[in-house]
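**Q** Everything below, folded, please.
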Amino acid sequence: MALRMLRVLAFISVSSVSAFRNTSPFFLFSTDKLAESFEAIHPQLVTSANINSQVLESLKHCPSATYFIVHQDKVSSSDYSDGRSTPYLSRWLGGADKSIASSAIVPEVLGSVDEVTIRDYLKTRCGAESVSISGAESQIPEVTFSPRIVNIHFPALPSEDRASTLAGYDSFLDTVISSKLGNEKYTVIYITTPQGEEQSALQYQAQQIYEMDDPFPTAMHTELRRDIESHAKDVKSEGGLFERYQFLSPGIFMGLTASLPLLLILYVGIRAVSSLEVSYFAFSKEMGPAGQKKQ
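**A** Numbering: from 1, shown residues only. Here you go, the predicted structure:
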């Protein structure tokens with residue numbers, strides 16, 4: 001199962017570059033074996049209604065003593081693509097924590113998961129009581145009743161330093177779970193809400209911008225750089241005309257060398273043809289007895 005979750009985490013990191021807009025991820029993990037509804041690997045895009053029904057189905061046997069319902073506002077799957085921003089969440093979902101028996105990752109949820117319905121379901125079916133903790137609180141209140149629902153709400157991430165802010169929320173969640181609130185069997189339902197249109201567009205545009213450290217490499221600068229001094233030296237160079245210019249190149253020399261024998265052959269042929277001597281009588285018709293015998 002750990003290998004399966006690691007594959008899903010890798011899938012989130014790859015698909016985060018082209019993440020869907022108006023969607024957000026969903027995470028669930030528990031120290032108990034939940035129902036089989038979350039055992040199969042989910043597709044990348046799932047509706048919130050489908051997630052609601054599967055969560056209620058997985059909690060129908062009231063497996064845990066503590067249920068943590070975490071609410072994170074205005075995030076996308078790209079915020080969780082880097083495991084360094086959520087190291088504890090990656091450890092719980094990746095199989096590093098051997099106490100986790102069940103876990104599920106849905107990269108893209110269309111719509112918002114109804115946490116009120118989940119909370120009311122746990123109160124009615126499991127008899128759990130609810131307590132709320134804000135992510136800004138430094139002290140964790142004492143809770144003696146069980147089963148219990150611990151609601152943790154994290155505000156929206158700022159436009160800058162999103163990773164560091166999310167890392168602080170992740171550390172706070174680990175502190176709450178590691179405290180006496182999570183010393184028994186527990187289940188964490190991590191619900192997120194999608195970003196707004198404007199924030200999603202800005203983040204998508206920032207992902208598409210690529211800036212080179214050096215738009216024009218140094219080697220290209222060297223090739224394109226003009227050496228004005230060298231041109232000035234060429235104008236003022238000293239020496240005679242035949243020292244500064246080359247009149248007989250190797251190509252011209254080879255052409256002249258090859259043309260001389262051809263000109264000699266042509267000359268000899270013209271002389272041979274012109275030296276032929278034929279008398280006018282050779283072209284006249286013989287009228288004597290010898291000519292009559294030939295006929």
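**Q** mean confidence for stretch 84-104?
**A** Confidence for stretch 84-104, expressed as mean pLDDT, is 89.
**Q** Identify the residues contacting the nearest residue to residue 55 once chain neighbours are set aside.
**A** When the adjacent residues along the chain are set aside, residue 55 lies closest to residue 118, with 5.8 Å between them (CB to CB, 6 or more residues apart in numbering). Yep, even glycine has a C-beta here, placed from its N, CA and C like the rest. Neighbouring residues of residue 118 by CB atoms under 8 Å, 6 or more residues apart in numbering: 52, 55, 56, 59, 69, 189.
**Q** Export those residues as a markdown table, with columns for neighbour count.
**A** Conversion of the contacts of residue 118 to a markdown table gives the following (neighbours: other CB atoms under 10 Å):
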| residue | neighbour count |
| --- | --- |
| 52 | 18 |
| 55 | 25 |
| 56 | 17 |
| 59 | 24 |
| 69 | 22 |
| 189 | 25 |
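**Q** Can you dump the C-alpha atoms of the helix or strand hosting the residue nearest to residue 55 in PDB for me?
**A** Mapping residue 118 onto the secondary structure by DSSP states H and E places it in helix 115-126. This file holds the C-alpha atoms of helix 115-126, laid out as PDB (Å, rounded to 0.1, in the frame of the first residue of the first chain):
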ATOM      1  CA  GLU A 115     -17.500  18.900   6.000                       C
ATOM      2  CA  VAL A 116     -20.800  19.800   7.800                       C
ATOM      3  CA  THR A 117     -22.400  16.700   6.500                       C
ATOM      4  CA  ILE A 118     -19.400  14.600   7.600                       C
ATOM      5  CA  ARG A 119     -19.400  16.200  11.100                       C
ATOM      6  CA  ASP A 120     -23.200  15.600  11.600                       C
ATOM      7  CA  TYR A 121     -22.800  12.000  10.400                       C
ATOM      8  CA  LEU A 122     -20.200  11.300  13.000                       C
ATOM      9  CA  LYS A 123     -22.200  13.000  15.700                       C
ATOM     10  CA  THR A 124     -25.400  11.000  14.800                       C
ATOM     11  CA  ARG A 125     -23.900   7.600  14.100                       C
ATOM     12  CA  CYS A 126     -20.900   7.500  16.400                       C
END
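**Q** Give the other helices and strands that the helix or strand just after it contacts.
**A** Read in the C-terminal direction, the helix or strand following helix 115-126 is strand 129-134, with elements assigned using DSSP H and E. Strand 129-134 sits against helix 115-126, strand 148-154, with contacts defined as 3 or more CB pairs under 8 Å, 6 or more residues apart in numbering; DSSP states H and E.
**Q** Flag every buried residue along the following helix or strand past the shortest one.
**A** Downstream of strand 148-154, the first helix or strand assigned by DSSP H and E is helix 162-178. Residues of helix 162-178 classed as buried by neighbour count (16 or more other CB atoms under 10 Å): 162, 165, 166, 167, 169, 170, 172, 173, 174, 176, 177.
**Q** and helix 162-178 with strand 129-134, angle?
**A** For helix 162-178 against strand 129-134, the angle by axes from the mean of the first three to the mean of the last three CA atoms, to 10 degrees is 140 degrees.
**Q** Indicate each strand paired with the helix or strand just after helix 162-178 and its parallel or antiparallel sense.
**A** Using DSSP H and E, the helix or strand that directly follows helix 162-178 along the chain is strand 186-192. Looking at strand 186-192 with DSSP bridges, its partner strands are strand 23-30 (antiparallel), strand 66-72 (parallel).
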